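1. can't give you the sequence, but here's the structure:
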């Protein structure tokens, strides 16, 4: 079985807080308009939900699983690969959460007899 991320989704990692730079440049933004580059980096999952662009900030565990799904590996290979990853990735806990969030949009089952 292979799980698929939304079409045209992007995993983006930066050493700078680019999500904050983007956020303060939005027309409806209200708040502190100063961004310190010392805030550190960020991991971003950008995707579309219908016509809306979504920008989510997955934690390290979620990032590892998103990266594995992006490779279109069979599910059993992903589970084997993530056994020794730090932080430990609880695939059984995250998979339903990913489906609920819309991060998993499709799957393929290989009919091997």
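-> Nice, I can see it. On a predicted model such as this, the values are computed, not experimentally measured, just so you know. Numbering: from 1, shown residues only.
2. Run a quick neighbour tally on residue 62.
-> 19 (other Cβ atoms under 10 Å). For the C-beta atoms, the positions are set from N, CA and C on the backbone; glycine is no exception.
3. Off-centre distance for the helix or strand hosting it?
-> Under the assignment given by DSSP states H and E, the secondary-structure element containing residue 62 is helix 60-70. Between the centre of helix 60-70 and the centre of its host chain there is 6 Å, according to Cα atoms, centre = their mean, to the nearest Å.
4. Compute the distance from the centre of the helix or strand following that helix to the centre of its chain.
-> Once helix 60-70 ends, the next helix or strand along the chain (criterion: DSSP H and E) is helix 75-81. Remark: helix 75-81 is offset 17 Å from the chain centroid, using Cα atoms, centre = their mean.
5. So which bits of the top strand by length along the chain are buried?
-> Counting residues, the longest strand in the chain under DSSP state E turns out to be strand 42-49. By neighbour count, with 16 or more other Cβ atoms under 10 Å as the criterion, the buried positions of strand 42-49 are 42-45, 47.
6. show me the contacts for residue 28.
-> Contacts of residue 28 were listed using Cβ atoms under 8 Å, 6 or more residues apart in numbering, and none were found.
7. Can you give me the distance of it to residue 53?
-> When distances are taken as Cβ to Cβ, to the nearest Å, residue 28 and residue 53 turn out to be 14 Å apart.
8. who's in contact with the residue nearest in space to the middle of the chain?
-> The centroid of the chain falls nearest to residue 45 when counting by Cα atoms, centre = their mean (4.1 Å). Shown here is residue 45, whose contacts under the criterion Cβ under 8 Å, 6+ apart are 9-12, 54-58, 63, 66, 103.
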